[in-house]
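*Asks:* what shape does this take:
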Amino acid sequence: MTKANHESLLDICRRHGLRITGQRRVILEVLDASGDHPDVEELHRRVAAIEPGINIATVYRTMNKLAEKGLIERHMFEDGRLRYEPAPEQHHDHFINLETGEVVEFRSDEIERLQEEIARKHGFEIVSHKLELYVRARKPR
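*Replies:* Presented below is the predicted three-dimensional model:
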């Protein structure tokens with residue numbers, strides 16, 4: 001689904017019956033607009049730039065509530081920071097740039113097919129998985 005017809009995190013929360021306060025609205029809108037996977041401190045910095053009265057505890061509580069409801073995903077990458085993204089509409093994997101910390105999402109039907117094939121050969125059915133590839137920029141030759 002493209003951003004143009006993407007259901008907003010705010011709408012998803014309403015559909016799930018979550019109470020939407022003014023502060024929660026700002027947090028949801030900032031997280032939904034994030035092209036990266038911010039941790040709570042970064043999310044709070046962005047939210048506070050819009051609404052200075054929002055404290056970090058409110059951001060933590062909101063993230064915990066959204067995760068509890070399955071509306072966001074938590075990621076603990078190698079840097080040890082718990083990062084967040086709206087629950088994806090379609091499974092994807094991640095490249096994590098070790099030099100910059102940038103997180104890049106990607107999807108490969110071929111990788112998905114190979115994982116299923118390998119699991120089946122070993123007598124398993126994949127219930128869930130996460131693929132995180134830690135990368136750095138290639139050095140020119």
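
*Asks:* sketch out the low-pLDDT regions of this structure for me.
*Replies:* Under the criterion of pLDDT under 70, the regions of the chain flagged as low confidence span 1-6.

*Asks:* how about the helices in it?
*Replies:* Taking DSSP state H as the criterion, the chain contains helices spanning 9-15, 22-33, 40-50, 56-68, 109-121.

*Asks:* please identify the most buried of the ones you listed.
*Replies:* Of all these, helix 22-33 carries the top mean neighbour count, a mean of 18, counting by mean count of other C-beta atoms under 10 Å. Quick note: C-beta positions are derived from backbone N, CA and C, even for glycine.

*Asks:* how distant is it from the center of its chain?
*Replies:* In terms of C-alpha atoms, centre = their mean, to the nearest Å, the centre of helix 22-33 is found 14 Å from the chain centre.

*Asks:* same thing with stretch 107-121?
*Replies:* The chain centroid and the centroid of stretch 107-121 are separated by 22 Å under C-alpha atoms, centre = their mean.

*Asks:* what lies in contact with it?
*Replies:* Contacts to stretch 107-121, defined as C-beta atoms under 8 Å, 6 or more residues apart in numbering, come from residues 90-93, 125-126, 129, 131.

*Asks:* before we move on, back to that, mind putting the helices of the chain in a markdown table, distance to P140 included?
*Replies:* Formatted as a markdown table, the helices of the chain follow (distance: least, C-beta to C-beta, whole Å):
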| stretch | distance to P140 |
| --- | --- |
| helix 9-15 | 40 |
| helix 22-33 | 35 |
| helix 40-50 | 31 |
| helix 56-68 | 40 |
| helix 109-121 | 27 |
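
*Asks:* chain center to stretch 37-49, what's the gap?
*Replies:* Taking C-alpha atoms, centre = their mean, the mean C-alpha location of stretch 37-49 is offset from the chain mean by 13 Å.

*Asks:* and for stretch 100-116?
*Replies:* Averaging C-alpha coordinates over stretch 100-116 and over its chain gives two centres that are 14 Å apart (C-alpha atoms, centre = their mean).
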